[in-house]
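Visitor: Have a look at this prediction, sequence included:
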Amino acid sequence: MNIENLKHLPEILQFMETADHYVYQIKAPQFKSDIEIEEWSYPNDVENWDDKAVLLKDAECKTLLEPINTLMTNAGFDLYNENDIKNGKNYRFVELSFAIKPLQKNGIFAIEAPHFYLIPYVDNDEKLQVKILLSKFVFRYNLFSNLKNAVLINLETKDELELQYLQKLAEATEIICNQFKITTEQNQGKFTKAENEDPEKLIEEFIEAAKAKDFNDEDEVLEFKNNWKLIQVNPEEYMEILVDEGYFDEDEEVDIHYFTQHLLSEFLCAYDTDWKMDHEELSEFISEEIGQDFKITYEETLQKPEVIAIKIEQESDFTLLNIDTQMDSYSFFLCKKTEKDKILDLARQLEFPIEDF
């Protein structure tokens, strides 16, 4: 699990400190929502809220400083005294959030929205560092509740669930660095924006990176391109095609996400399954795709797909990606390990719902 690029969080906080805006929304098709990143000065930014009394009561806080004092105490920082606050001192932090599939599979919700609170500090070597606190279960947003409930996460944690949240934060960090033009090991200082690229060029690059011509003939590749364009300009017409083929109900409303997911699953010859994976069928699918014998056990299918992806990477030149169905199911496809980052980057630019594990 690679969280190495979290080292760029201090650069993100430096950007936010001098940015033209205090809040940014950044597209992230691999998540369930855009990424939102916001700079806060507390209590200055909240003391004039009309509904702060109601929100504080909901958060079971007696004073405006209780939420931020709890956050800072949990982070291990000293608190400002009353005179500091009266003289205009504010606590500074950055809030970063996005929606994802629940990382804990035994819940009843289809989506969760973790909120990360990033607090800057200077270490003993005079270098800017960041402490990361996480408020996991945010179903009805209340800043005061989130601050009060956020827990500190150490980058050296051995807790599997915390590591998964850090992995999602690392994915978001890479996307934000691209948006803010912060150089990372992955982007190498080459920043991409979908609106500045020729979509047809991006499609060609995606087809090449996914090696789709290895299992689609010229007519199928052309049909994929044409249908992708059709979804962009006339989704109602594409819906009619799916209705005629029995893949969509004519009484349903246009669903761009489903149309794109269906198109990709067909084109990439994905393996569709619900959460109860058949280990023999999946083993056969993977074996055929990678051209060598590969076995998944029943016990491994009961774990997260990441376990399967890691096993594939360890035993072959391939890895596993998923086309998000927005349901409790998967649409797996294989790609070369060397092409994974490029596929994910192109998917982000093209707003394809392709995700890593």
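Guide: Received it, and whenever you're ready, just let me know what you need. Numbers count the residues shown, from 1 in each chain.

Visitor: show me where pLDDT drops low in the stretch 51-200 of the chain?
Guide: 105-110, 137-139, 193-197 (pLDDT under 70).

Visitor: Which parts of it are strands?
Guide: Along the stretch 51-200 of the chain, the stretches classed as strands by DSSP state E, counting those that start in this stretch are 91-97, 115-122, 128-135, 151-153.

Visitor: would you list those in JSON lines and tack on distance to Gly189 and mean neighbour count?
Guide: For glycine as for every other residue, the C-beta is placed from the backbone atoms N, C-alpha and C. Converted to JSON lines, those look like this (distance: least, C-beta to C-beta, whole Å; neighbours: other C-beta atoms under 10 Å):
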{"stretch": "strand 91-97", "distance to Gly189": "23", "mean neighbour count": "21"}
{"stretch": "strand 115-122", "distance to Gly189": "23", "mean neighbour count": "19"}
{"stretch": "strand 128-135", "distance to Gly189": "21", "mean neighbour count": "19"}
{"stretch": "strand 151-153", "distance to Gly189": "29", "mean neighbour count": "16"}
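
Visitor: closest one to Gln104 among those strands?
Guide: strand 128-135 (13.4 Å; C-beta to C-beta).

Visitor: Report the distance from that closest one to the chain centre.
Guide: 18 Å (C-alpha atoms, centre = their mean, to the nearest Å).

Visitor: quick one: strands adjacent to it?
Guide: Here strand 128-135 has these sheet partners by DSSP bridges: strand 115-122 (antiparallel), strand 151-153 (antiparallel).

Visitor: quick one: Lys32 and Phe259, what's the gap?
Guide: To Phe259, Lys32 is 17 Å away according to C-beta to C-beta, to the nearest Å.

Visitor: Was I right to think Trp49 contacts Leu64?
Guide: No: if you go by C-beta atoms under 8 Å, Trp49 and Leu64 don't touch, sitting 9.3 Å apart.

Visitor: of those two, who's got more company?
Guide: More crowded of Trp49 and Leu64, by other C-beta atoms under 10 Å: Leu64, with 18 against 14.

Visitor: so who does the more buried one touch?
Guide: Applying C-beta atoms under 8 Å, 6 or more residues apart in numbering, we find Leu64 in contact with 43, 46-47, 52, 56.

Visitor: Please identify which of those is nearest to Lys201.
Guide: Among the contacts of Leu64, and counting by C-beta to C-beta, the member closest to Lys201 is Val46, at 45.5 Å.

Visitor: for the closest one, helix, strand, or coil?
Guide: With DSSP: H, G, I helix; E, B strand; the rest coil as the basis, Val46 sits in coil.

Visitor: Could you report the neighbour count for the nearest residue to it once chain neighbours are set aside?
Guide: Take Val46 and drop its neighbours on the chain: the residue closest to it by C-beta to C-beta, 6 or more residues apart in numbering is Lys52, 6.1 Å away. Neighbourhood size, Lys52 [other C-beta under 10 Å]: 16.

Visitor: Likewise for the one 3 residues further on?
Guide: Other residues within reach of Leu55, judged by other C-beta under 10 Å, total 17.

Visitor: Check whether it really touches Tyr141, as I assumed.
Guide: No: under the criterion of C-beta under 8 Å, Leu55 is not in contact with Tyr141, lying 9.7 Å apart.

Visitor: tell me the angle the longest helix along the chain makes with strand 128-135.
Guide: Using DSSP state H to define each element, the chain has its longest helix at helix 160-180. Interaxial angle of helix 160-180 relative to strand 128-135 (axes from the mean of the first three to the mean of the last three C-alpha atoms, to 10 degrees): 120 degrees.

Visitor: Quick one: list the elements packing against helix 160-180.
Guide: helix 9-18, strand 23-26, strand 35-42, strand 91-97, strand 128-135, strand 151-153 (3 or more C-beta pairs under 8 Å, 6 or more residues apart in numbering; DSSP states H and E).

Visitor: Could you list the domains of the protein?
Guide: Partitioning the chain according to automatic domain parsing yields domains covering residues 4-191, 195-355.

Visitor: how about the helices in the chain?
Guide: Counting by DSSP H, the helices of the chain are 9-18, 52-58, 65-75, 82-86, 143-149, 160-180, 199-209, 218-233, 235-244, 256-267, 279-290, 298-301, 305-315, 340-350.

Visitor: List the buried residues for the second one?
Guide: By neighbour count on 16 or more other C-beta atoms under 10 Å, the buried set for helix 52-58 is 52, 55-56.

Visitor: My guess is Ala212 contacts Leu268. True?
Guide: Yes: under the criterion of C-beta under 8 Å, Ala212 makes contact with Leu268 at 6.5 Å.

Visitor: Counting neighbours, go ahead and name the busier of the two.
Guide: Between Ala212 and Leu268, counting by other C-beta under 10 Å, Leu268 is the more crowded of the two (25 against 19).
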